[in-house]
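In: Can you look at this prediction? I've put the sequence above it.
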Amino acid sequence: MSGVTSSAPSPPPPPSPPKSETSEETEPTRRTRRSALSPGRLAERYTLPALAVAVAVFFSLYPPSAVVFPTSADLSVVTGNQSVIALLALAALAPLAAGYFDFSLGANAATSSLV
């Protein structure tokens with residue numbers, strides 16, 4: 001014969017013994033959840049709207065701008081100027097909520113402003 005021996009397939013290795021469980025393996029890492037009404041959480045959530053209200057109150061009471069600022073004509077001008085930015089923010093919201101960052105939004109806005 002040629003020296004090649006036919007051998008039966010080798011049996012699978014025996015199962016490994018169970019690992020010893022330690023407290024690190026059995027307890028998942030927990031994040032501490034802050035209370036919804038904690039001062040830090042409230043400040044984080046409401047600082048920007050409070051700042052916007054403070055600026056509006058300041059310019060409504062500041063004598064040089066008190067005559068012009070709190071009028072409907074000024075509100076119309078401000079909302080007209082910010083309407084494009086508001087629409088861009090709404091357009092960016094859907095992809096961001098889906099976990100996708102769309103870089104083409106700024107390029108499309110710049111191109112459409114030229115046309």
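Out: Alright, I've got the coordinates. Numbering: from 1, shown residues only.
In: Mean pLDDT per helix and strand in this protein: which one sits at the bottom?
Out: helix 23-26 (a mean of 52; mean pLDDT, DSSP states H and E).
In: how near is Pro64 to Phe58?
Out: When Cβ to Cβ, to the nearest Å is the yardstick, Pro64 and Phe58 sit 12 Å from each other. (C-beta placed from N, C-alpha, C; glycine too.)
In: The two: who's more crowded?
Out: When Pro64 is set against Phe58 and neighbours are counted by other Cβ atoms under 10 Å, the residue ahead is Phe58, at 11 against 8.
In: which SSE is that one in?
Out: Under the assignment given by DSSP states H and E, the secondary-structure element containing Phe58 is helix 39-61.
In: Over that helix, what's the mean pLDDT, rounded is fine.
Out: Looking at helix 39-61 alone, the average pLDDT works out to 92.
In: quick one: low-confidence ranges for this protein?
Out: Within the chain, the stretches with pLDDT under 70 are 1-8, 17-36.
In: Show me which helix runs longest in it.
Out: Of all the segments of type helix in the chain, defined by DSSP state H, the longest one is helix 72-97.
In: now that helix: how far from the chain's centre is it?
Out: Chain-centre distance of helix 72-97: 19 Å, with Cα atoms, centre = their mean, to the nearest Å.
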